[in-house]
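Participant: I'll drop the sequence and a predicted model, then ask my questions.
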Amino acid sequence: MRKVGALRYQATANTTASKERLMVMLFQAALKHIRTAKGLYDSEHVMDAEIAVRKALDIVWELQDTLNPEVAPELAQNLADVYTFVNLRLLNALTSKSRAPLEDADVAFSPIVSAFEQAVTAVQNQGGAANNNLSRPNLPKPQVSVG
């Protein structure tokens, strides 16, 4: 019975959340799948790890598709670079059946998740109005390499 209640609560949260909160939920879900896959590779549950990696890939690809360079060209390019790096590492994890690329993806992606969580909380605390005085988070610039 508790599980049914939790599922209903989650469904309500998903359908009533603002678009900003939905973005945060997507970021959190991708990071959760990356971390879940790391644990599954550690415990040698390769097939389950691959499922988690594919879920993370799907989310990060969708996040990349939401970028709007017309609004903030530099930020969009920086995020595109991080998303590309994360996707390449996730694909490398799938092909190598290895945990190491997931660690790289986690390290690159977790500051993005944290920054978006903070930004959305700040906006919501302002009553939903964007605050022009918010500084842009200092995100790491990943070095993209294949392999």
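Facilitator: Received the coordinates, thanks.
Participant: if you count residues, which helix in the protein comes out on top?
Facilitator: Determined from DSSP state H, the single longest helix within the chain is helix 100-125.
Participant: what ranges of the chain fall below the confidence cut-off?
Facilitator: Across the chain, the ranges flagged by pLDDT under 70 are 1-16, 128-147.
Participant: same thing but at 80, please
Facilitator: Along the chain, segments meeting pLDDT under 80 span 1-17, 127-147.
Participant: Quick test: name the residue nearest the centre of it.
Facilitator: Note on the chain: the residue nearest the mean C-alpha position is residue 27, at 3.1 Å, using Cα atoms, centre = their mean.
Participant: how much space between that residue and residue 115?
Facilitator: Residue 27 sits 9 Å away from residue 115, going by Cβ to Cβ, to the nearest Å. C-beta here means a position set from N, CA and C on the backbone, and glycine is covered the same way.
Participant: just to confirm, which helix or strand has the residue nearest to the centre of the chain in it?
Facilitator: helix 19-42 (DSSP states H and E).
Participant: How about that helix, which residues are buried there?
Facilitator: Using 16 or more other Cβ atoms under 10 Å as the test for burial, helix 19-42 gives 20-21, 23-27, 30-31, 33-38, 40-41.
Participant: any idea whether residue 70 is helix, strand or coil?
Facilitator: The three-state assignment at residue 70 reads coil, by DSSP: H, G, I helix; E, B strand; the rest coil.
Participant: what are the phi and psi angles of it?
Facilitator: When read as degrees, to the nearest 10, the backbone of residue 70 gives phi -70, psi -30.
Participant: burial measure for residue 44, as a count.
Facilitator: Counted with other Cβ atoms under 10 Å, residues neighbouring residue 44 total 9.
Participant: can you check residue 108 too?
Facilitator: Quick note: residue 108 (other Cβ under 10 Å) scores 22 neighbours.
Participant: that older thread, other SSEs contacting the helix or strand just after the helix holding residue 27?
Facilitator: Going down the chain from helix 19-42, the next helix or strand is helix 46-65, by DSSP H and E. Here helix 46-65 touches helix 19-42, helix 73-96, helix 100-125, going by 3 or more Cβ pairs under 8 Å, 6 or more residues apart in numbering; DSSP states H and E.
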